[in-house]
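# I need the structure of the sequence given here:
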Amino acid sequence: MINYILQVILFQVLFLAIYDFFLSKETFFIKNRWYLLSTPVLSFLIPFIKIPTFQKEVPQQYIVYLPELILSPEKVIQNVITETSFYQSINYISILFWIGVAVFSILFFIKLVKIFNLIRKNEAQKLSDFTLILIPNQTKAFSFFNYVFLGKEITESKRTKIIEHELVHSKQKHSLDLLFFEFLKIAMWFNPMIYFYQKRITLVHEYISDSIVAKSESKDQYINNLLSNFFQVENISFINQFHKNSLIKKRILMMTKNKSKKMNQLKYLVLIPVLASMLFYSSCSENSSEKEISSEMKLQSIYRSSKGRLFSFKGNKETYLDSYFGDEPPEEVEEILFQNLSKNEQEEFNVFNRRLIAALKKILSLKTITNLDFLECQMVGFVLGLFLRA
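Presented below is the predicted three-dimensional model:
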């Protein structure tokens with residue numbers, strides 16, 4: 001999972017680098033909007049795409065996939081005798097992840113409640129295409145889907161252009177874009193690239209609205225109106241705000257910029273080699289969780305190691321895991337981490353581990369082993385052998 005997350009972040013860094021260096025200064029606003037919406041999704045999907053012709057062929061002969069804890073008997077005995085504490089079995093990374101998801105979900109819910117309270121508590125005027133919410137004693141101006149929020153302190157002469165600007169956001173469903181990134185922020189709150197994506201698409205939204213509204217009057221007049229209005233703004237990341245100080249300069253520069261030549265659309269072709277390299281990387285990257293580890297029950301193979309040589313024979317029951325005891329793992333054995341086992345394999349190993357702990361407790365508490373069953377006797381013999389060698 002960690003390898004997958006790192007790949008997603010790496011791909012998003014590359015996609016944003018392409019946008020910043022090649023596309024952000026072009027006037028292809030609609031295309032840039034879809035670029036910023038599609039590339040985060042691609043970054044999540046590409047690691048799952050495996051092209052056989054790209055994949056490296058790794059020889060699999062003489063490889064035995066075994067859980068980590070069984071391969072080192074000394075480690076098993078040490079864990080059993082010290083009776084692994086509860087805190088050692090807790091997955092702190094998983095807990096931290098879900099705490100972050102909960103915190104960001106709560107923050108998102110608070111923002112939604114704030115908007116709904118504005119709708120519920122203030123004067124509303126239902127018009128043909130939208131609902132106008134008038135906020136007393138304020139000069140705020142922003143939109144959320146089909147709701148346009150205006151402060152009553154905004155003069156009538158300025159309201160028309162502001163509403164026209166906000167209706168572009170409403171008709172083009174810009175709020176959906178921002179909500180999409182809000183959900184990504186909840187799911188991947190630790191990924192800084194999501195925040196960069198949201199800032200860039202917010203700016204593209206303003207470019208789109210400015211370019212449409214500015215057609216109805218001269219650009220100079222529109223820029224003067226923009227500069228003459230310093231509205232208060234809500235600190236809500238998924239609303240479209242008419243005025244935001246940090247974006248004003250970029251919006252004005254873009255409005256005064258000449259329209260990009262159609263030939264410049266060829267810059268989007270840069271994506272082709274970049275996507276090819278990403279697919280090559282994801283197909284060839286070795287992910288231990290993707291190794292073909294059988295999760296079907298089969299007749300158990302029992303492995304024993306002596307003086308660097310590996311012996312094996314078949315058991316009399318079907319299991320998900322094979323059995324291995326020995327002092328030093330031979331070269332033919334490859335070590336597999338516990339978390340890379342399948343769910344069934346993990347459950348079977350946990351059962352085995354609990355029985356091993358119980359058997360060792362009996363060794364420490366009983367003078368004889370006559371009451372132990374056959375499996376327990378095997379465990380006892382193995383443990384005693386280690387003590388004798390020690």
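# which stretches of the stretch 51-200 of the chain have low pLDDT?
Scanning the stretch 51-200 of the chain for pLDDT under 70 picks out 53-90.
# in the stretch 51-200 of the chain, which spans are helices?
Remark: helices assigned in the stretch 51-200 of the chain by DSSP state H, counting those that start in this stretch are 68-71, 73-81, 92-121, 156-171, 174-187, 192-213.
# want to throw those helices into CSV with distance to Lys267 and mean neighbour count?
(C-beta placed from N, C-alpha, C; glycine too.) Below are the helices of the stretch 51-200 of the chain laid out as CSV (distance: least, Cβ to Cβ, whole Å; neighbours: other Cβ atoms under 10 Å):
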stretch, distance to Lys267, mean neighbour count
helix 68-71, 48, 19
helix 73-81, 55, 16
helix 92-121, 34, 13
helix 156-171, 25, 17
helix 174-187, 22, 19
helix 192-213, 16, 20
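# would JSON lines of those helices with distance to Met278 be doable?
What follows is these, written out as JSON lines (distance: least, Cβ to Cβ, whole Å):
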{"stretch": "helix 68-71", "distance to Met278": "31"}
{"stretch": "helix 73-81", "distance to Met278": "38"}
{"stretch": "helix 92-121", "distance to Met278": "25"}
{"stretch": "helix 156-171", "distance to Met278": "32"}
{"stretch": "helix 174-187", "distance to Met278": "19"}
{"stretch": "helix 192-213", "distance to Met278": "15"}
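# nearest to Leu36, of those helices?
Nearest to Leu36, of all the helices of the stretch 51-200 of the chain, is helix 192-213, at 4.5 Å by Cβ to Cβ.
# now for that closest one, which elements pack on it?
The helices and strands touching helix 192-213, judged by 3 or more Cβ pairs under 8 Å, 6 or more residues apart in numbering; DSSP states H and E, are helix 2-18, helix 29-45, helix 156-171, helix 174-187, strand 240-241, helix 245-255.
# need the ones you listed in TSV (columns: distance to Trp98).
TSV is the format used below for these (distance: least, Cβ to Cβ, whole Å):
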stretch	distance to Trp98
helix 2-18	15
helix 29-45	19
helix 156-171	34
helix 174-187	11
strand 240-241	31
helix 245-255	32
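# of these, which approaches Leu107 most closely?
helix 174-187 (8.8 Å).
# can you check what angle separates that closest one from helix 156-171?
60 degrees (axes from the mean of the first three to the mean of the last three Cα atoms, to 10 degrees).
# related to what we said a few turns ago, out of the helices and strands packed on helix 192-213, which is closest to Val274?
Nearest to Val274, of the helices and strands packed on helix 192-213 and by Cβ to Cβ, is helix 2-18 at 6.2 Å.
# give me the mean pLDDT for that closest one.
For helix 2-18, mean pLDDT rounds to 92.
# nearest to Leu341, of the helices and strands packed on helix 192-213?
Closest to Leu341 of those is helix 2-18 (Cβ to Cβ; 16.2 Å).
# tell me which of the helices of the stretch 51-200 of the chain lies nearest to Gln221.
Minimum separation from Gln221 across the helices of the stretch 51-200 of the chain (Cβ to Cβ) falls at helix 156-171, 9.7 Å.
# tell me what the closest one is packed against?
Here helix 156-171 touches strand 141-144, strand 147-151, helix 192-213, helix 219-228, going by 3+ Cβ pairs under 8 Å, 6+ apart.
# tell me which of those lies nearest to Thr27.
Nearest of the helices and strands packed on helix 156-171 to Thr27, taken as Cβ to Cβ: helix 192-213 at 7.5 Å.
# how far off helix 2-18 does that closest one point, in degrees?
Using the same axes, to 10 degrees: helix 192-213 against helix 2-18 is 30 degrees.
# quick one: helix 192-213 to helix 29-45, angle?
Counting by the same axes, to 10 degrees, helix 192-213 lies at 160 degrees to helix 29-45.
# how far away is Ile135 from Glu164?
Per Cβ to Cβ, to the nearest Å, Ile135 is found 19 Å from Glu164.
# care to break the chain down by domain?
The chain breaks down into these domains under automatic domain parsing: 1-57+261-291, 64-75+77-86+293-389, 92-255.
# hmm, who's touching stretch 255-267?
Contacts with stretch 255-267, where a contact means Cβ atoms under 8 Å, 6 or more residues apart in numbering, come from 22-23, 25-28, 31, 210-211, 214, 219, 222-223.
# can I get it as CSV, trimmed to CA atoms?
Extracted in CSV, the C-alpha atoms of stretch 255-267 (Å, rounded to 0.1, in the frame of the first residue of the first chain):
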residue,chain,number,x,y,z
MET,A,255,-7.1,38.8,-19.1
THR,A,256,-4.5,41.1,-20.6
LYS,A,257,-2.7,38.2,-22.3
ASN,A,258,-3.3,37.5,-26.0
LYS,A,259,-5.3,34.4,-26.9
SER,A,260,-3.0,31.4,-27.3
LYS,A,261,-2.3,30.1,-30.8
LYS,A,262,-4.0,26.9,-31.7
MET,A,263,-0.6,25.5,-32.5
ASN,A,264,0.2,25.7,-28.8
GLN,A,265,-2.3,22.9,-28.1
LEU,A,266,0.4,20.5,-29.3
LYS,A,267,1.9,21.0,-25.8
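# buried stuff in it?
Neighbour-count burial for stretch 255-267, counted by 16 or more other Cβ atoms under 10 Å, picks out Met255, Lys267.
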